[in-house]
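> 3D model of this:
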Amino acid sequence: MFVRLIAVALVALVAWAVVVRSSEGAGRERSYVVRPGDTLWTIAASRYAGDPRAGVWKIRTRNGLSGSVIVPGERLVLPTG
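As a prediction, the model looks like this:
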């Protein structure tokens, strides 16, 4: 009985390992080309739910920006989530 229980648990564990996805399941990162009049705030407010400050921080961190200045034509990577 104990061996059968271990076998079922092992099969369940293997099935779970095959089906499970990464915790980054929100999708792939997207790129965004800055247009005239865009700011990090407006981009974050239109792409992320909740407080835009968190979105601004994500965009700045992902793109290695030291400030908030962006220029038209610049390509930004928008992190998921």
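
> next, the contact list for Ser68, please.
Neighbouring residues of Ser68 by CB atoms under 8 Å, 6 or more residues apart in numbering: 39-40, 56, 60. Where C-beta positions appear, they are placed from N, C-alpha and C, glycine not excepted.

> for Ala54, that is, sorry about that
Neighbour list for Ala54: 44, 48 [criterion: CB under 8 Å, 6+ apart].

> picking up where we left off before, and the buried ones among the contacts of Ser68, selectable in ChimeraX?
The buried residues among these can be selected in ChimeraX (16 or more other CB atoms under 10 Å) with this line:
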select :40,56,60
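
> dump the contacts of Ser68 to TSV, plus secondary structure, pLDDT and distance to Ile6.
Listed next are the contacts of Ser68 as TSV, based on DSSP: H, G, I helix; E, B strand; the rest coil; pLDDT from 0 to 100; distance: CB to CB, whole Å:
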residue	secondary structure	pLDDT	distance to Ile6
Thr39	coil	96	59
Leu40	helix	96	54
Val56	helix	95	51
Arg60	helix	96	50
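
> can you redo the contacts of Ser68 as CSV with distance to Gly67?
Listed next are the contacts of Ser68 as CSV, based on distance: CB to CB, whole Å:
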residue, distance to Gly67
Thr39, 12
Leu40, 9
Val56, 11
Arg60, 8
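
> just give me the closest of the contacts of Ser68 to Arg30.
Leu40 (15.3 Å; CB to CB).

> next, count neighbours for the closest residue in space to Lys58 that isn't next to it in sequence.
Nearest residue to Lys58 in three dimensions, chain neighbours excluded: Pro79, at 4.8 Å (CB to CB, 6 or more residues apart in numbering). For Pro79, the count of nearby residues is 17 (other CB atoms under 10 Å).
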